[in-house]
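In: just the structure for this:
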Amino acid sequence: MDKISFIAPCFNEESVIEEYYSRLCDIANKYGEYSFEFVVVNDASMDKSAIILDELAMKDERLVIVHLAANVGQQTALFAGIEAATGDINITIDIDLQDPPEVIKQFLEEIDKGFDIVHAQRLSRSDETAFKLISAKLFYRFLSLTSPANLIEDCGDFRAFNKPVREAISGYREKHKYLRGIFAIVGFNQTIIQYERDGRHAGETKYSLTKMIALASDAVLNFSRFPIQLMFVISTLMWSLGLLYMAKALVSKFVYGTTVDGWTSIVFFQVFFSGILLFFIALIGSYVGRIYEQGQDRPDYIIRYTRNVKRSDEGS
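Out: Numbering: from 1, shown residues only. Take a look at the predicted model:
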């Protein structure tokens, strides 16, 4: 009997955990031909999430809980869940129920056709502001133009994949993870399904503007050399402008016998170009900092304790 693993990170989600668990139980009852496990990674929640998860896990061995010792962020917590899962078919999902687990029907249909990875693309994004919608569209457009990774627009972390993909994903050990990009470049036979995204069942989003900017930065710096290439283009333009300005000054001095007016413009260009150079230094520093962090080889996460975790895939 094949096993299906639902994998979800959890940070301060006490208001939705029980409903999420109930929905998964309904699905497990409906698909009796499969065995199930519900992997939840508690990313050092500060509310009652840990207590609720432990109480549910004591009653149901299918509920696999990984409690992290420190908050590591949604992407790394999700990665920890992928490593803890033992399913033949794995589904990563948000615990807030914006991604309806009932989409499993479409996932299984595509897996049965022979696809290894099935991405879920949002047709709508309920309860999201116009700013977030526009910024997300611009972000995906920018990354598609500057990165070799074939990212799917309006596709988050809701997807299904088989055991070989799960094992392959576990081999990606970069410190600043962007799983959407990793799944895009890992290969295998991939396809897309579409679904209507719901609003949050309860509570508030944990993805602040700062976290969204950090995630976007990880995507650009991990999967695109465009910032480095842009540095070369702009520096070439700056050098060319400098040569033109120098040529104008020489012609004015030796041909027309006049000096070039506009010391204000000279000061402006000096300040402007200095600012660009400082920005480029900071950009290089971002890449170097990531190399430094990778070289430290610190663990991606530390597990505080677990509930119902199997140590191997035996019996899965």
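In: tally of neighbours for Ala168?
Out: By other Cβ atoms under 10 Å, 16 other residues sit near Ala168. Bear in mind the C-beta positions are built from the backbone N, C-alpha and C, glycine included.
In: which residues of the stretch 101-250 of the chain fall in helices?
Out: For the stretch 101-250 of the chain, the helices defined by DSSP state H, counting those that start in this stretch cover 104-112, 130-146, 163-169, 179-185, 209-223, 226-254.
In: same question for the third one, mean pLDDT?
Out: For helix 163-169, the mean per-residue pLDDT is 95.
In: who are the packing partners of it?
Out: On a contact count with 3 or more Cβ pairs under 8 Å, 6 or more residues apart in numbering; DSSP states H and E, helix 163-169 meets helix 74-84, strand 89-92, helix 179-185.
In: and Leu151, which of the ones you listed is closest to it?
Out: helix 179-185 (5.3 Å; Cβ to Cβ).
In: list the buried ones in the closest one?
Out: 179-184 (16 or more other Cβ atoms under 10 Å).
In: kindly report the same for stretch 101-121.
Out: In stretch 101-121, counting by 16+ other Cβ under 10 Å, buried: 101, 103-104, 107-108, 110-111, 115-121.
In: quick one: least confident of those?
Out: Among those, Gln121 carries the lowest pLDDT, at 89.
In: and that one, how close does it get to Gly187?
Out: Distance, Gln121 to Gly187, using Cβ to Cβ, to the nearest Å: 19 Å.
In: nearest to Cys155, of the buried residues of helix 179-185?
Out: Arg180 (6.7 Å).
In: so the closest one makes contact with Phe158?
Out: No. Judged on Cβ atoms under 8 Å, Arg180 makes no contact with Phe158 at a distance of 10.3 Å.
In: and for those two, which residues touch both?
Out: Residues within reach of Arg180 and of Phe158 at once, by Cβ atoms under 8 Å, 6 or more residues apart in numbering: there are none.
In: all strands of the stretch 1-150 of the chain, in order?
Out: Along the stretch 1-150 of the chain, counting by DSSP state E, counting those that start in this stretch, strands occupy 3-10, 35-42, 63-68, 89-92, 117-125.
In: closest one to Ile192 among these?
Out: With Cβ to Cβ as the criterion, Ile192 lies closest to strand 117-125 of those, at 4.9 Å.
In: show me what the closest one is packed against.
Out: By 3+ Cβ pairs under 8 Å, 6+ apart, strand 117-125 packs against helix 104-112, helix 130-146, strand 155-162, strand 190-197.
In: by mean pLDDT, show me the worst of the ones you listed.
Out: Across these, helix 130-146 gives the lowest mean pLDDT, at a mean of 62.
In: what about Ser252, how many neighbours?
Out: Close neighbours of Ser252, defined as other Cβ under 10 Å, add up to 14.
In: try Val16
Out: Count around Val16 with other Cβ under 10 Å applied: 21.
In: what does Gly187 give?
Out: Neighbour tally, Gly187, other Cβ under 10 Å: 11.
In: how close does it get to Leu179?
Out: Counting by Cβ to Cβ, the gap from Gly187 to Leu179 is 15 Å.
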